[in-house]
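Peer 1: Could you work out the structure for the sequence below:
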Amino acid sequence: MSEPRIVLDARCLRGAHGGVATYTAALVAELPRLLPDVPFTLLRHPDAPAPLSRAPNVTERTLGGDPNDPISHFVLGRLIERRLGPDDLFHAPYRILPRDVRSRSVMTLHDMMQVRCPELVFPDARLRPVLHRWWTYAVRRSLRRAGRIIAVSRHSADDALEVEPGAADRMRVTLLGVDAAFRPMPPAQSLALSRDVMPEGARFFLVIGGGYANKNHVTAALAFARAFRPEDDVHLLVIQRERTLPPELGRALAGAGLAARVHVRGGVSQEALIGLYNRAEALVFPSLYEGFGLPVLEAMASGCPVVASNLTSLPEVTGDAALSCDPRDLDALANALGKIAHEPALRERLRASGLARAQRFTWERTARETVGVYREIAPWIPAPTPDR
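Peer 2: Got it, this is the predicted structure:
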């Protein structure tokens, strides 16, 4: 009989940005190092760069499809089960567990937005009912069947248990981490990395995230308009990884006369983003719903003050190291931006407290806690190597 192994579905790693890809990439990097004597198999999408890992205990198998589409849900499990031994562990890091996986299984739950707040993630009202039904079915079934469920925040766990209370004894909370590349840097270096995005001398606030309704970018722009006049010479830079300049944001900018002061860009390189975090007055993150909120953590680790929503998971990330307010309250958000702009002592306090808080969140800790979850249902997995 072959040696038992851990199988990780890494098909989301094919160039897409976002929290799930960042999380999966971190597991691919950290887990084989922490468990050097355990064989790993990565499921790699055909469009992904090869290899995903050069660790000696990792093999890769190419497999098409999206981790969350119906074909993967209904078909992938049977394909996997033919190749899994009785002690193998399968980890689905992207919300949905393939239906017929009968081996020891773990799923990671990033959020419940598709189930709990479909209006925030499905912009087409005609397709929304169909997509909501699919996600509700697939996520609920996954919650019922997974051997263990890793939630990336207490809020995500609680949201899931509202839908499926029977999962409580199998639910574990493992917070996310931040790459060490996100760090404070000298002004000349941050400018060199980001001047192509924002020119030298510009004073600006930064907004980042996919252009979806939950990110609440329209409110960020309107609050900015309320906080600053044109003669203040302050700008708002909106980095949207997807749906750059969605119609609702374009209309808001035109109606508020903000076209010259609000700059909407598509995705930028990680290096440029780190430079922008270092230069910005603050990150503005007025999200209506987050499973975790990685940009907030990246900003704090880079020494960037943060103005954040006080809803869903974000207080778990920020603690008292950010200015928090109701993201639906324009006046509160505008007041927070004004304070950041006009109170240097506040900016410095937020910078220092953010840096201190960010040190608590590492991908190594996330991976170690993940190994602990694995060992609950696969006792053959050894304890991870000692801390570095």
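
Peer 1: so the closest residue to residue 318 other than its chain neighbours, which of the three states?
Peer 2: Leaving aside its chain neighbours, residue 318 sits nearest to residue 308 (5.2 Å; criterion: C-beta to C-beta, 6 or more residues apart in numbering). The C-beta positions use only the backbone N, C-alpha and C, and glycine is treated the same way. Classification of residue 308 by DSSP: H, G, I helix; E, B strand; the rest coil places it in strand.

Peer 1: Around residue 308, count how many other residues there are.
Peer 2: If you count neighbours by other C-beta atoms under 10 Å, residue 308 ends up with 28.

Peer 1: quick one: it and residue 288 touch, right?
Peer 2: No. Here residue 308 does not reach residue 288: they are 11.9 Å apart, not a contact under C-beta atoms under 8 Å.

Peer 1: what are the ranges of the helices in the stretch 51-200 of the chain?
Peer 2: 70-71, 77-81, 113-116, 128-145, 154-163, 187-194 (DSSP state H, counting those that start in this stretch).

Peer 1: Lowest mean pLDDT across those helices, which one is that?
Peer 2: Ranked by mean pLDDT, the helices of the stretch 51-200 of the chain bottom out at helix 77-81, which scores a mean of 73.

Peer 1: Deepest-packed of the helices of the stretch 51-200 of the chain, please.
Peer 2: helix 113-116 (a mean of 21; mean count of other C-beta atoms under 10 Å).

Peer 1: Packing partners of that helix?
Peer 2: helix 128-145, helix 154-163 (3 or more C-beta pairs under 8 Å, 6 or more residues apart in numbering; DSSP states H and E).

Peer 1: Just put those helices in CSV and tack on distance to residue 314.
Peer 2: Formatted as CSV, the helices and strands packed on helix 113-116 follow (distance: least, C-beta to C-beta, whole Å):
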stretch, distance to residue 314
helix 128-145, 22
helix 154-163, 9
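
Peer 1: residues contacting residue 248?
Peer 2: Listed by C-beta atoms under 8 Å, 6 or more residues apart in numbering, the contact set of residue 248 reads 213, 218.

Peer 1: Flag the shaky bits of the stretch 1-150 of the chain, pLDDT-wise.
Peer 2: 1 (pLDDT under 70).

Peer 1: any idea where the strands of it begin and end?
Peer 2: All strands of the stretch 1-150 of the chain, identified by DSSP state E, counting those that start in this stretch, fall at 6-9, 40-44, 58-62, 89-92, 104-109, 148-151.

Peer 1: Which one of those lies nearest to residue 163?
Peer 2: Closest approach to residue 163 among the strands of the stretch 1-150 of the chain (C-beta to C-beta): strand 104-109, 10.5 Å.

Peer 1: Show residues contacting the host helix or strand of residue 296.
Peer 2: Using DSSP states H and E, residue 296 maps to helix 294-301. Residues outside helix 294-301 that contact it (C-beta under 8 Å, 6+ apart) are 19, 22, 176-179, 182-183, 206, 208-209, 273, 277, 280, 283, 285, 305-306, 308, 314, 317-318, 321-322, 354-355, 357-358, 361.

Peer 1: from the residues you listed, which ones fall inside helices?
Peer 2: 19, 22, 273, 277, 314, 317, 318, 354, 355, 357, 358 (DSSP state H).

Peer 1: Now the two most distant members of those.
Peer 2: Going by C-beta to C-beta, the pair spanning the ones in helices among the contacts of helix 294-301 furthest: 19 and 355, at 21.2 Å.

Peer 1: just to revisit the earlier point, so how far is residue 107 from the residue nearest to residue 318?
Peer 2: Distance of residue 308 to residue 107, given as C-beta to C-beta, to the nearest Å: 28 Å.

Peer 1: if we look at the sheet, which residues does residue 61 bridge to?
Peer 2: residue 43 (DSSP bridges).

Peer 1: That one: neighbouring residues, count only.
Peer 2: Using other C-beta under 10 Å: residue 61 sits among 12 other residues.

Peer 1: Could you do the one 3 residues further on as well?
Peer 2: By the criterion of other C-beta under 10 Å, residue 64 has 11 neighbours.

Peer 1: The one 10 residues further on now?
Peer 2: Taking other C-beta under 10 Å as the criterion, the count of residues near residue 74 is 13.

Peer 1: so how far is residue 106 from the nearest residue to it once chain neighbours are set aside?
Peer 2: Distances taken as C-beta to C-beta, 6+ apart put residue 99 closest to residue 74, at 5.7 Å, once the chain neighbours are dropped. From residue 99 across to residue 106, the span is 16 Å (C-beta to C-beta).

Peer 1: Looking at these two, which has the bigger crowd around it?
Peer 2: Higher neighbour count among residue 99 and residue 106: residue 106, with 25 against 17, using other C-beta under 10 Å.

Peer 1: which ones are touching that one?
Peer 2: 89, 90, 91, 92, 146, 147, 148, 149, 150, 373, 374, 377.

Peer 1: how far away is it from residue 374?
Peer 2: 7 Å.

Peer 1: Mind listing the shared neighbours of these two?
Peer 2: By C-beta under 8 Å, 6+ apart, the residues touching both residue 106 and residue 374 are 89, 91, 148.

Peer 1: which one of the residues you listed has the most neighbours?
Peer 2: Highest count within those by other C-beta under 10 Å belongs to residue 91, 26 neighbours.

Peer 1: Specify the beta-bridge partners of that residue.
Peer 2: Taking DSSP bridges, one obtains residue 8, residue 106 as the residues bridged to residue 91.

Peer 1: Tell me if I'm right that it and residue 23 touch.
Peer 2: No. Between residue 91 and residue 23 there is no contact under C-beta under 8 Å: 11.4 Å.

Peer 1: Okay, now the unreliable bits of the stretch 251-388 of the chain?
Peer 2: Short version for the stretch 251-388 of the chain, where the test is pLDDT under 70: 388.

Peer 1: and with 80 instead?
Peer 2: 251-257, 259, 387-388 (pLDDT under 80).
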